[in-house]
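Peer 1: here are the coordinates; sequence isn't available:
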């Protein structure tokens, strides 16, 4: 199976994407990688590592899209970018999936416009993998659709359940509607309607509140992309803020160097599962093709895991299962 | 100045409200308290403390409203409750303010229906005090209005700025619009319109993201009550979850009792400012009367601080300043 990897996406390119690709081909014997990006950059990076030349290929794409570029101008003006080239190759059937740690907005737009939507899908969505005390949940929508209609909630729930079951290995994943209280009559008119419709879904966990998220009360948390995006970025900010505040407390109290190190070690081991770098990538659910996006700060391991997630999406026919679920 | 205090509100009544009231009269020489609730309960509690009988008064109200009761039925069926009786006394001018750690929904509804809105106010709002690395910010709306119109954002911004300046002592408080990105064109059509209108406000900090909240990037964070409520409860859940996870890590690693205690001591001192119990109360901004609500878990100190906040609202003519600001 050939997976295209954006060699110039994310904060640490070409190093992390190229090394992650090499790691993936070493760990998963059935995977070959097609690195998309400027050939010279990729070849220079590859010089520093041992790799199987039969498993790493290059698709030259001279243009690089920055993390802050707007989707419309990037797609229009950078047709030779790693993202547009890679997704076009996927559309042509030259590879089985495309993954990138680059600009999420551009990736989503390119995936939607070039690949199109799966049959019956109203809108594709981004499901973010959210660490909890129990393991990992999905937060949907993570920012692709700022406002939702009730039909979309229902589709997002079904698509997320398929991803959670097939790729995350969660049996009978539960879905909770993020709301201001547990009772069915809580929330706006839209939330009440969504609650009613979700009641017919398998494994609906009812309304869940903000305090339930980190406890992992549901496997899938449904909310609009505005709220989801704010919650996602808020959660990501916690480890650094906490470390900063602990440092201030201990410095003020004159705690010795060694004890400080011990506290930080405990904190860092505790929050390791909350480190979003390690999560790998998440798919654009509902797009007609396997296209995944990873955190901009993705480590080599994160890139490798994203490639694995992509291959699992292909092997498990996630998109075919989504089509069946939405059209039956 | 006479402040009415709900003696049977919150998770620890009548102890904490009664003791908090006594503390307030001791610390602030110009304050007298009118305790509302069942007379026998209050008198029994008062027996255990020294207090100035000239400064603590009782307004008998035999009915108690539970934390989970619905506003409409509570207000209709419990007219002799501490909340309805206390707010009615405020309406009649028998006291200067009413404070409670009880059922927020009932308090808000009773304040709105019995006191009414200030001139020019579209909807009253709850501003939640949100601890940050820099100090404290306000998160508005915290759940009173799940959906907002652009006029409401503007009014909530102005009312919150007045509360932040007059009661929290923040000079020229800045207002940030919670959004999915910093650029003015981010968010829904409504957010873009709100951004445009807020641009004319003094000290508008622009759009702020989820990752900015805990850093205290703005003094007032504006969002709808759905998102605000979820963020508020999410934030409140962090300290307990963190302690739970740290305990798991250290137990698994066989860390000795004394070292564990040290880590928890550092964590608890660090998160002390994040302990919502200590914050005191927040007002229903826009209501024609000074009515404050505190966290259900309010400590004695929190109740005392809520009484102080209420007296400051009266002294600083917060409501008159809101009317002037909204009608000019």
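Peer 2: Structure's in. What do you need? As the structure is a prediction and not an experimental result, all values here were calculated from the model.

Peer 1: What about residue A:243, how many residues nearby?
Peer 2: Using other CB atoms under 10 Å in any protein chain shown, residue A:243 has 16 neighbouring residues. Quick note: C-beta positions are derived from backbone N, CA and C, even for glycine.

Peer 1: just how off-centre is the helix or strand it falls within within its chain?
Peer 2: Counting by DSSP states H and E, the element that carries residue A:243 is helix A:225-252. Chain-centre distance of helix A:225-252: 20 Å, with CA atoms, centre = their mean, to the nearest Å.

Peer 1: pLDDT averaged over it, what's the number?
Peer 2: Averaging pLDDT along helix A:225-252 gives 94.

Peer 1: Can you identify each of the strands in the stretch 151-300 of chain A by residue range?
Peer 2: Counting by DSSP state E, counting those that start in this stretch, one finds strands in the stretch 151-300 of chain A at the ranges A:175-178, A:204-208, A:220-222, A:281-285, A:290-294.

Peer 1: Lowest average pLDDT across the ones you listed?
Peer 2: When the strands of the stretch 151-300 of chain A are ranked by mean pLDDT, strand A:281-285 comes last with a mean of 90.

Peer 1: how much space between the residue of the stretch 51-200 of chain A found nearest chain B and residue A:212?
Peer 2: Closest to chain B within the stretch 51-200 of chain A is residue A:180: 4.4 Å, counting by CB to the nearest CB. Distance of residue A:180 to residue A:212, computed by CB to CB, to the nearest Å: 12 Å.

Peer 1: same check, this time on residue A:206
Peer 2: 10 Å.

Peer 1: The two: which is more packed in?
Peer 2: Neighbours were counted for residue A:206 and for residue A:212 using other CB under 10 Å; residue A:212 has more, 21 against 18.

Peer 1: re earlier: what residues of the helix holding residue A:243 count as buried?
Peer 2: By neighbour count on 16 or more other CB atoms under 10 Å in any protein chain shown, the buried set for helix A:225-252 is A:225-239, A:242-243, A:245-246, A:249-250.

Peer 1: That helix versus strand B:204-208: what angle between them?
Peer 2: With axes from the mean of the first three to the mean of the last three CA atoms, to 10 degrees as the basis, helix A:225-252 and strand B:204-208 are set at 110 degrees to each other.

Peer 1: Can helix A:225-252 be said to contact chain B?
Peer 2: Yes - under the criterion of CB under 8 Å from any CB of the partner chain, helix A:225-252 makes contact with chain B via A:225-227, A:229-238, A:241-242, A:244-246, A:248-250.

Peer 1: With adjacent residues omitted, what lies nearest to residue A:234?
Peer 2: With CB to CB, 6 or more residues apart in numbering or on different chains as the criterion, residue A:234 has its nearest non-adjacent residue at 3.8 Å, and that residue is residue B:210.

Peer 1: Quick one: neighbours of that neighbour, just the number.
Peer 2: Quick note: residue B:210 (other CB under 10 Å) scores 23 neighbours.

Peer 1: Equivalent analysis for the one 3 residues further on, please.
Peer 2: Other residues within reach of residue B:213 by the criterion other CB under 10 Å amount to 25.

Peer 1: Over to the one 5 residues further on?
Peer 2: A count of nearby residues for residue B:218, using other CB under 10 Å, gives 24.

Peer 1: Can you name the residues of the stretch 51-200 of chain A sitting close to chain B?
Peer 2: Going by CB under 8 Å from any CB, the residues of the stretch 51-200 of chain A near chain B are A:133, A:143, A:146, A:147, A:178, A:179, A:180, A:187, A:188, A:191.

Peer 1: Between which two of these is the distance greatest?
Peer 2: The distance between the two most remote of these (CB to CB) is 30.5 Å, for A:133 and A:147.

Peer 1: And the strands in the stretch 1-150 of chain A?
Peer 2: Going by DSSP E, counting those that start in this stretch, the stretch 1-150 of chain A shows strands at A:2-6, A:32-37, A:56-60, A:97-100, A:125-131, A:136-140.
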